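*Asks:* model the following, please.
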Amino acid sequence: MKNILLTLTLLAISFLVAAQTAWTDHTRALPDKLRQVPVGLTLWHTPNPNYPEGDPAKPGQYVWKHSTMLRAEVADLEIVECGSFIWYSAEGWQANMRQTPAEFAELFNCPNGRLRQGATYTFAKNYRYAASGQQLYGGDALWYILAKDKNGKLYKGMGLIETEATVR
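*Replies:* Residues are numbered from 1 along each chain as shown. Coordinates of the predicted model:
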């Protein structure tokens, strides 16, 4: 039991350290991972801003329904990483989630994580859920995609989604 508690404690500490180090230069707008990488993809969310609504399948629960789209602008590209940072407190950007190329390929219906230049790929049900009204909170999520061209040059795409706490 002690080993399990120690392992869980170490995992929690490593997560907190990673979250705190995602955005070390507060004089700059972007988290460290996204700075100095050229833009080569367009990423956007709709609807944006996004408001929670009651989840008819689960009374008393809520869902923010939105889709996320992505298009390679500079060339055919191969996904390296997909993820997001969230801003919901005075701490600023915190690491939120990260997807592997295989996870991205499944969610965005993009075979083998390879983006054709000019084609749009969609994560149609990129939903956020709350189990109760007490879990309704607003915040911003900065989604990002990192992808490389055939020569290995890395590009980024970013898209901010505003999630609100107010049910409309």
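*Asks:* which SSE is immediately downstream of the lowest-mean-pLDDT helix or strand in the chain?
*Replies:* Lowest mean confidence among the helices and strands of the chain (mean pLDDT, DSSP states H and E): helix 2-20, at a mean of 42. Per DSSP states H and E, the first helix or strand lying C-terminal to helix 2-20 is strand 41-46.
*Asks:* in its sheet, what does that following strand sit against?
*Replies:* strand 67-72 (antiparallel) (DSSP bridges).
*Asks:* can you pull the buried residues of the strand it pairs with?
*Replies:* Going by neighbour count (16 or more other C-beta atoms under 10 Å), the buried part of strand 67-72 is Thr68, Met69, Leu70, Arg71, Ala72. Quick note: C-beta positions are derived from backbone N, CA and C, even for glycine.
*Asks:* show me what the following helix or strand past it is packed up against.
*Replies:* Sequence order places strand 77-87 as the next helix or strand after strand 67-72, per DSSP H and E. If you count contacts as 3 or more C-beta pairs under 8 Å, 6 or more residues apart in numbering; DSSP states H and E, strand 77-87 packs onto strand 94-99, helix 101-107, strand 114-115, strand 139-148.
*Asks:* still on that earlier bit, I'd like the buried residues of strand 67-72 written out as TSV, with distance to Gly133 and pLDDT added.
*Replies:* Shown next, in TSV, are these (distance: C-beta to C-beta, whole Å; pLDDT from 0 to 100):
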residue	distance to Gly133	pLDDT
Thr68	25	98
Met69	30	98
Leu70	32	97
Arg71	36	98
Ala72	40	98
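*Asks:* now the two most distant members of those.
*Replies:* Greatest spatial distance in those: Thr68 and Ala72, 14.7 Å, computed using C-beta to C-beta.
*Asks:* quick one, what contacts Leu142?
*Replies:* Taking C-beta atoms under 8 Å, 6 or more residues apart in numbering as the criterion, Leu142 is in contact with Pro31, Ser84, Phe85, Ile86, Trp87, Trp93, Met158, Gly159, Leu160.
*Asks:* per-residue confidence averaged over stretch 41-57?
*Replies:* For stretch 41-57, the mean pLDDT works out to 97.
*Asks:* hmm, back to that, which one of the helices and strands packed on strand 77-87 lies closest to Lys125?
*Replies:* Nearest of these to Lys125, taken as C-beta to C-beta: helix 101-107 at 9.0 Å.
*Asks:* and the contacts of the closest one?
*Replies:* Contact with helix 101-107 is made by 78-82, 99, 110-113, 123, 126, 145, as judged by C-beta under 8 Å, 6+ apart.
*Asks:* next: stretch 33-43.
*Replies:* Stretch 33-43 has contacts (C-beta under 8 Å, 6+ apart) with 22, 25, 28, 68-75, 77, 115, 143-147, 149, 153-159.
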